[in-house]
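Enquirer: Let's see this in three dimensions:
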Amino acid sequence: MAWDRLAADRDRLREAQLEALRENCREAARTEFGREHQLARVSSHEDFVERVPLRTYADFEPFLERMRKGARDVLWPGLIRYYGQSSGSSQTLAHHKFLPISERQIRWQQKAAFDVVARYVRHAGHARFLGGYTLGLFPPSTLKPDGPVSNTNNPGLMQRNVPWPVREGVLPRPDLRDIPDYDEKLERMAEAYLDHDVRAMSGTTCWFSVFFDKLLRAAAARGRRVGTVSELWPNLEVLFGGGINAEPYRPVIEKRVGRPMIIMDNYNATEGGIFAVTDRIGGPGMLVVPDRGVFFEFVPAAEHGKPDARRLPLWEVEAGVDYSIAVSTSSGLFAYLIGDLVQFQSVFPHRLEFVGRTSGVLSLTQELTSFVEIERAMEAAVRAASCSVVEFSAGAEVGVEGTGKGRYQIFVEFDQPPADPRRFARAFDESLCAQNRVYREHRTADVAILPPALFALPPGGARRFMEDIGRRSPQQKFPRVVENSKRDILVKYATLIPWERA
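Expert: Prediction:
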């Protein structure tokens, strides 16, 4: 493929990326931001670094708030009509991020989506799946008017903009696509498309097994004696996933389907669309998409937050180094730090892996719960249950008891334990629901996230944990978010409190 030749050639890759940067700068040159930063004079990465500093969402938020009230020509020419709502993972002025999605970005995302399909067709050696239906598991595609603009979500917006040549083969249809309640939407889709020839599915990977359970229940309700999805959809051959690492979910998915499945991962974000896609089926890492309207910069993780941090273009990164990623997009975000950490497995071609968030978050279904939200939830729980804690942390458990769903695990070393563990855990859960829209939607009716599990650490348990992981300095803090490998250490000597039955 031409994309492979471009990815493997330093000069071609550099030119493709510079063209993306120059095009975005040219388009925005006459905007308020463009004039202030002399974007018309940017012709090289060095010019760009000299004129445009790195910014976070909090830095962009004043611009975006004006744009959402109708201001034109601020970051991008004209009025941007759509804003993708995303849970905030940093301490911003608002509880959630509202990221601009221009018409140009929509067109770039359509082309990037074609790249994902082309990758699979090349691997499979045929395009038989196009002879049936592709079913999308995405949030509701509703547009919520907010003054002169509309708030939505990026996957839902793209579902509304499926190109007409393939529209007839894409499910769900608008009557189901726009159901606002996601659990109801999945139930209705399972019932409506049970007998359709579904050959491919797309969506956030964690939703596949949740939907498969609903599909099998819908079949049982009709008297169909089937045990696997393959008996209903024998031609299902590929899952176009993304948003999270697919491998922890693979065992549950394949158990539901009844056979091994090809899962095509992609790395996507509301800030620009698809950044990378699987190019080697069954192998780790995703190939960066360099020519779809996004200019990439990478800051070594060890330098993140420093005023003199290096900003490396794609053609200068090294394998095996953690980088914080910044993007400049066709929606007016320039040198925007999205909060992700990535590592390149190889360069020329550039294959990367998502390795974490700069702020440290929990995420089962892209809810991106920050340590600040966890701390606020703990404060609410302590108040509600009239108890006190020494230390606490939270982790995320995938595939609870073979359900295909996840839950948070709360680890607490109590000074004064709660008399009512149920009140404590419920208050924690309710506080997260109040703070984080995606968590709330996915917790509702246990659709994808189950109630949190509460674990009590023994006296001195927090310090013991820190010693176990080699952090003995009194200056090193007990983590508010604990990653999976360290979470397993905590579970070994913590006591589960079955609060739901308390």
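Enquirer: which stretches of the stretch 101-250 of the chain have low pLDDT?
Expert: Applying pLDDT under 70 to the stretch 101-250 of the chain flags residues 243-244, 248.
Enquirer: Repeat the analysis, applying 80 as the threshold.
Expert: For the stretch 101-250 of the chain, applying pLDDT under 80 flags the ranges 164-165, 206, 243-249.
Enquirer: show me where it has strands.
Expert: Along the stretch 101-250 of the chain, the stretches classed as strands by DSSP state E, counting those that start in this stretch are 133-137, 144-146, 149-152, 170-171, 198-203, 238-240.
Enquirer: Output those in a markdown table; the columns should cover distance to Glu231 and mean neighbour count.
Expert: In short, each C-beta sits where N, CA and C put it, glycine included. Formatted as a markdown table, the strands of the stretch 101-250 of the chain follow (distance: least, CB to CB, whole Å; neighbours: other CB atoms under 10 Å):
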| stretch | distance to Glu231 | mean neighbour count |
| --- | --- | --- |
| strand 133-137 | 17 | 21 |
| strand 144-146 | 39 | 12 |
| strand 149-152 | 36 | 19 |
| strand 170-171 | 19 | 18 |
| strand 198-203 | 13 | 22 |
| strand 238-240 | 17 | 22 |
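Enquirer: I'd like to know which of those strands is closest to Phe211.
Expert: Nearest of these to Phe211, taken as CB to CB: strand 133-137 at 5.6 Å.
Enquirer: and the closest one, what does it pack onto?
Expert: strand 170-171, strand 198-203, helix 206-221 (3 or more CB pairs under 8 Å, 6 or more residues apart in numbering; DSSP states H and E).
Enquirer: Run me through the strand neighbours of that strand, direction for each.
Expert: Strands that pair with strand 133-137, judged by DSSP bridges, come out as strand 170-171 (parallel), strand 198-203 (parallel).
Enquirer: Next up, the contacts around Arg66.
Expert: Neighbouring residues of Arg66 by CB atoms under 8 Å, 6 or more residues apart in numbering: Val74.
Enquirer: what kind of secondary structure is it in?
Expert: What DSSP: H, G, I helix; E, B strand; the rest coil gives for Arg66 is helix.
Enquirer: if I look at it, how far off is Ser386?
Expert: Per CB to CB, to the nearest Å, Arg66 is found 45 Å from Ser386.
Enquirer: now swap in Met261 and tell me
Expert: Computed with CB to CB, the distance linking Met261 and Ser386 is 49 Å.
Enquirer: Please identify which of the two sits among more neighbours.
Expert: Neighbour tally, Met261 and Ser386, criterion other CB atoms under 10 Å: the higher count belongs to Met261, 20 against 12.
Enquirer: That one touches Trp233, doesn't it?
Expert: No. Using CB atoms under 8 Å, Met261 makes no contact with Trp233, being 11.4 Å away.
Enquirer: intersection of neighbour lists for the two?
Expert: Contact with both Met261 and Trp233 is made by no residue, according to CB under 8 Å, 6+ apart.
Enquirer: domain ranges for this protein?
Expert: The record's domain parsing of the chain by automatic domain parsing lists 2-102+295-328+331-347, 105-142+153-267, 361-501.
Enquirer: any chance of those in a markdown table, plus distance to Arg280?
Expert: Listed next are those as a markdown table, based on distance: least, CB to CB, whole Å:
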| stretch | distance to Arg280 |
| --- | --- |
| domain 2-102+295-328+331-347 | 10 |
| domain 105-142+153-267 | 8 |
| domain 361-501 | 24 |
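Enquirer: Please identify which of these is closest to Gly273.
Expert: When those are compared by CB to CB, domain 105-142+153-267 sits nearest Gly273, at 3.7 Å.
Enquirer: Would you confirm that Leu496 belongs to a strand?
Expert: Yes. Looking at Leu496 with three-state DSSP, it is inside a strand.
Enquirer: For it, give me its contacts.
Expert: Counting by CB under 8 Å, 6+ apart, Leu496 makes contact with 453-455.
Enquirer: ok, and for the host helix or strand of Val491, which residues are buried?
Expert: Using DSSP states H and E, Val491 sits in helix 484-493. Buried residues in helix 484-493, defined by neighbour count with 16 or more other CB atoms under 10 Å: 486-487, 490.
Enquirer: Any chance of JSON lines for the residues you listed, columns pLDDT?
Expert: Listed next are those as JSON lines, based on pLDDT from 0 to 100:
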{"residue": "Lys486", "pLDDT": "85"}
{"residue": "Arg487", "pLDDT": "86"}
{"residue": "Leu490", "pLDDT": "89"}
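Enquirer: wait, which of these is closest to Asp308?
Expert: Out of those, the member with the shortest distance to Asp308 (by CB to CB) is Lys486, at 31.8 Å.
Enquirer: tally of neighbours for the closest residue to the closest one other than its chain neighbours?
Expert: Nearest residue to Lys486 in three dimensions, chain neighbours excluded: Ile469, at 5.8 Å (CB to CB, 6 or more residues apart in numbering). A count of neighbours around Ile469, defined by other CB under 10 Å, yields 14.
Enquirer: Can you give me the distance of Ile469 to Glu237?
Expert: Counting by CB to CB, the gap from Ile469 to Glu237 is 43 Å.
Enquirer: now Arg55
Expert: 43 Å.
Enquirer: can you check Pro53 too?
Expert: When distance is defined by CB to CB, Pro53 is 47 Å away from Glu237.
Enquirer: ok, these two, which is more surrounded?
Expert: Between Pro53 and Glu237, counting by other CB under 10 Å, Glu237 is the more crowded of the two (18 against 12).
Enquirer: Let me see the contact set for the more buried one.
Expert: For Glu237, the contacting residues are 124, 128-129, 199-200, 262, by CB under 8 Å, 6+ apart.
Enquirer: Where does pLDDT dip in the stretch 401-502 of the chain?
Expert: Checking the stretch 401-502 of the chain against pLDDT under 80 turns up 402, 470-477, 485, 499-502.
Enquirer: If we use 70, what do you get?
Expert: Applying pLDDT under 70 to the stretch 401-502 of the chain flags the ranges 471-476, 500-502.
Enquirer: tell me the helices in it, going along the chain?
Expert: Using DSSP state H, counting those that start in this stretch, the helices of the stretch 401-502 of the chain run over residues 421-435, 437-443, 461-468, 484-493.
Enquirer: Export the ones you listed as JSON lines, with columns for distance to Asp4.
Expert: Converted to JSON lines, the helices of the stretch 401-502 of the chain look like this (distance: least, CB to CB, whole Å):
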{"stretch": "helix 421-435", "distance to Asp4": "43"}
{"stretch": "helix 437-443", "distance to Asp4": "35"}
{"stretch": "helix 461-468", "distance to Asp4": "45"}
{"stretch": "helix 484-493", "distance to Asp4": "33"}
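Enquirer: Let me know which of those helices is the nearest to Glu401.
Expert: Closest to Glu401 of these is helix 484-493 (CB to CB; 14.4 Å).
Enquirer: what's the closest one in contact with?
Expert: Taking contacts as CB under 8 Å, 6+ apart, the residues outside helix 484-493 that touch it are 393, 395-397, 409, 411, 455, 457-458, 461, 464-465, 468-469, 479, 482.
Enquirer: Now do that helix against helix 461-468, angle only.
Expert: Regarding helix 484-493 and helix 461-468, their directions subtend 130 degrees when assessed with axes from the mean of the first three to the mean of the last three CA atoms, to 10 degrees.
Enquirer: picking that back up, who wins for most neighbours among the contacts of Leu496?
Expert: Highest neighbour count within these, by other CB under 10 Å: Leu454, with 26 neighbours.
Enquirer: Could you list everything it pairs with in the sheet?
Expert: Partner residues in beta bridges with Leu454, using DSSP bridges, are Ile410, Ile497.
Enquirer: Buried residues in the helix ranked longest in the chain, which are they?
Expert: For the chain, the helix with the greatest residue count under DSSP state H is helix 103-124. By 16+ other CB under 10 Å, the buried positions in helix 103-124 come out as 104-109, 112-113, 115-117, 119-120, 123.
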